[in-house]
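> Sequence and predicted structure, then a few things I'm wondering about:
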Amino acid sequence: MKKVYFLIQEWEHPASRYRVLQYVPYLKESPIEGKVALFPDSFCKWMKLFSEIKNYDTIFIQKKRLWRWQLWYLKRKHIKIVYDFDDAIMFKSPVDGGGHSFKRRRTFARMVRYSDQVIAGNQYLKMHALPYNKNIIIIPTAIDTSKYSTKDYRRNKEKITIGWIGSKSSLPFLKELTPAFDSIAGQYNSVELKIICNDFFDCDKMPVIKKMWALEEESSDLQDIDIGLAPLPNHEWTKGKCATKLLQYLTVGIPVVCSPVGVHNEIIQEGVNGLFAASIKEWTAKIELLMQNSTLRERMGLEGRKTVDLAYSLNANIPIFKNTIKGM
């Protein structure tokens, strides 16, 4: 039996949940024995970890870039390294000023070179890893569709709810659309914006529903949304995003309006399972188009669910994940 030690960022971190934790229960069927732990936060804890992993064949590193001495030790003990990343960590995020970082690029390159297998979240990320390692497979961020119910389009609502779900770090991207929201609210009384997050902002005209994110309420919160939003600026860092919120909307059967950035271009077919918008004028027009046509919303939403089932669902990606681990 292959024994794999998984190191993750946090138990509740979205990347940890989607990239590792949801797969672990299925590994026993392979058979693969897996243990999951958080990254050590001190030298002493790393020494304890090194003592423990001597009985494991493989260590799975989720996103973080290890120091040279840590990688050297793993290689010395002949422990194979699987490195999984779902963000353009070789660049600075727009929130941190964006752009290139020599230090990030150097530590990313080292991590990829030392790895026996690299798992990239999308084609853009694979492209940046290829110069340092040819043994790369793409496994997209996958959604466990069994945890989400498809939206009930027979239910009548008084208002059209435009919605967004995400973390505080991505909230500024949504806030940039405030002029579009206020323009729409100035023309329609039956519209509201729902923000599912741990931080919020207000608009001058658009009513804002502020809902604290909670894992156990995520599915029901998404059910209330009629049009999902996924804005992203066109930066090197954002091109590497794996579009978790976009996939969540599609899983529930919600039509989306999103930026034509990065993996969005791979997931969305304009007019089939969503719409693209690249300016305030386009965001306003595309949202209004969906607001005015309930039949179009339902058709696009259900097409979106088909997209997820085919390529971005947990069921579709479990065999790929297991075979990657078994092949080590």
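It's in. Numbers count the residues shown, from 1 in each chain.
> C-alpha only now, for contacts and for neighbours.
OK.
> Tell me which stretches of the stretch 101-250 of the chain form strands.
For the stretch 101-250 of the chain, the strands defined by DSSP state E, counting those that start in this stretch occupy 117-120, 136-138, 160-165, 191-197, 208-212, 227-230.
> Which among the ones you listed is found nearest to Ile320?
With respect to Ile320, and counting by CA to CA, the nearest of the strands of the stretch 101-250 of the chain is strand 136-138 at 9.2 Å.
> what sits up against stretch 146-165?
Identification of contacts with stretch 146-165 by CA atoms under 8 Å, 6 or more residues apart in numbering yields 174, 190-197, 219, 222-230, 245, 251-254, 291, 298.
> quick one: low-confidence parts of the stretch 151-300 of the chain?
Judged against pLDDT under 70, the stretch 151-300 of the chain has no low-scoring part.
> So which residues of it form helices?
Counting by DSSP state H, counting those that start in this stretch, the stretch 151-300 of the chain has helices at residues 171-175, 178-187, 218-223, 244-252, 264-267, 280-291, 294-307.
> For Thr145, find the nearest of those helices.
When the helices of the stretch 151-300 of the chain are compared by CA to CA, helix 244-252 sits nearest Thr145, at 6.4 Å.
> Only C-alpha atoms, please: export that closest one in PDB.
Taking C-alpha atoms only, helix 244-252 is exported to PDB below (Å, rounded to 0.1, in the frame of the first residue of the first chain):
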ATOM      1  CA  THR A 244     -13.800  28.400  -7.800                       C
ATOM      2  CA  LYS A 245     -16.600  30.900  -7.400                       C
ATOM      3  CA  LEU A 246     -17.500  30.600 -11.100                       C
ATOM      4  CA  LEU A 247     -17.700  26.800 -10.800                       C
ATOM      5  CA  GLN A 248     -19.900  27.200  -7.700                       C
ATOM      6  CA  TYR A 249     -22.400  29.300  -9.500                       C
ATOM      7  CA  LEU A 250     -22.500  26.900 -12.400                       C
ATOM      8  CA  THR A 251     -22.900  23.900 -10.100                       C
ATOM      9  CA  VAL A 252     -26.100  25.400  -8.600                       C
END
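> Can you go through the contacts of stretch 146-165 and name the buried ones?
Among those, those classed as buried by 16 or more other CA atoms under 10 Å are 174, 191-197, 219, 222-230, 245, 251-254, 291, 298.
> Might you report the residue contacts of Gly34?
3-6, 24, 27-28.
> picking up where we left off before, just put the strands of the stretch 101-250 of the chain in TSV and tack on distance to Gly274.
TSV is the format used below for those (distance: least, CA to CA, whole Å):
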stretch	distance to Gly274
strand 117-120	25
strand 136-138	23
strand 160-165	14
strand 191-197	18
strand 208-212	23
strand 227-230	9
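> Tell me which of the ones you listed lies nearest to Gly304.
Set against Gly304 and scored by CA to CA, these come closest in strand 227-230, at 11.4 Å.
> what packs against that closest one?
strand 160-165, helix 244-252, strand 256-258, helix 280-291 (3 or more CA pairs under 8 Å, 6 or more residues apart in numbering; DSSP states H and E).
> So which of these is nearest Asn55?
helix 244-252 (34.5 Å).
> Next, the angle from the closest one to helix 294-307.
110 degrees (axes from the mean of the first three to the mean of the last three CA atoms, to 10 degrees).
> Show residues contacting helix 244-252.
141, 143, 145, 148-151, 164-166, 219, 222-223, 228-230, 255-256, 258, 264, 301-302, 304-305, 307-308, 312.
> tell me how far the helix or strand harbouring Leu74 is from the chain's mean position?
Secondary structure from DSSP states H and E places Leu74 in helix 68-76. Helix 68-76 sits 29 Å away from the centroid of its parent chain (CA atoms, centre = their mean, to the nearest Å).
> Please enumerate residues in contact with that helix?
Taking CA under 8 Å, 6+ apart as the rule, helix 68-76 contacts 80-81, 110-111, 114.
> Now pLDDT too, for those residues, in JSON lines please.
Below are these laid out as JSON lines (pLDDT from 0 to 100):
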{"residue": "Lys80", "pLDDT": "96"}
{"residue": "Ile81", "pLDDT": "98"}
{"residue": "Arg110", "pLDDT": "98"}
{"residue": "Met111", "pLDDT": "98"}
{"residue": "Tyr114", "pLDDT": "97"}
